[in-house]
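*Asks:* What shape does this take:
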Amino acid sequence: MTPSRPYFVRAVYEWLNDNNMTPYLLLDASHAGVRVPTQFVKDGRITLNIAPGAINNLFIRNDAISFGARFSGSPMQIDAPMAAVLAIFARENGEGLFFEQQAEPGGSDFGAVDGAAAPADAQSPDDPTPPEPTPPKRPSLRVVK
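*Replies:* Residues are numbered from 1 along each chain as shown. This next block holds a predicted model:
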């Protein structure tokens, strides 16, 4: 069975855009095959604004995500294997999905959390000073009566 992560990423991206939110992507920059501007990587992670007006040529494939963006005025091609995607969420309210750090090959991505708070390192690609990242919150259950 194919991994569910790329399908979730595409769905949340569309959902955020349909609701006029700004989609942000959290990547594990230390993962093999990730190509991002290293000057914006903090603690092995990078958060990128992937709103349609901030990037071009977005391709969310089953194996990877890629797009063009500008960093401090310089164009760059961003490439990341889908396994490096840690989260996709709205800048405005943190709604989105946060994934387990390492999904098993061909395994389920059902470690995802819906509606968790956005990481503190959320930023625009043009922001030259990235803030300190915080790890995504773990899933939890609450009894509702």
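
*Asks:* could you pull out the helices for the protein?
*Replies:* 5-18 (DSSP state H).

*Asks:* how about the strands in it?
*Replies:* Using DSSP state E, the strands found in the chain span residues 23-28, 45-49, 55-60, 64-71, 74-81, 85-90, 96-98, 113-114.

*Asks:* Just send the ones you listed back as a markdown table, with distance to residue 15, mean pLDDT and mean neighbour count too.
*Replies:* Glycine gets a C-beta too; all of them are placed from N, C-alpha and C. Listed next are the strands of the chain as a markdown table, based on distance: least, Cβ to Cβ, whole Å; pLDDT from 0 to 100; neighbours: other Cβ atoms under 10 Å:
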| stretch | distance to residue 15 | mean pLDDT | mean neighbour count |
| --- | --- | --- | --- |
| strand 23-28 | 9 | 97 | 24 |
| strand 45-49 | 17 | 96 | 24 |
| strand 55-60 | 13 | 96 | 14 |
| strand 64-71 | 16 | 96 | 18 |
| strand 74-81 | 20 | 96 | 15 |
| strand 85-90 | 9 | 96 | 24 |
| strand 96-98 | 9 | 95 | 25 |
| strand 113-114 | 11 | 45 | 14 |
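
*Asks:* and the closest residue to residue 26 other than its chain neighbours, how far is that from residue 94?
*Replies:* Among residues not flanking residue 26 along the chain, residue 87 sits closest, at 3.9 Å (Cβ to Cβ, 6 or more residues apart in numbering). Distance, residue 87 to residue 94, by Cβ to Cβ, to the nearest Å: 10 Å.
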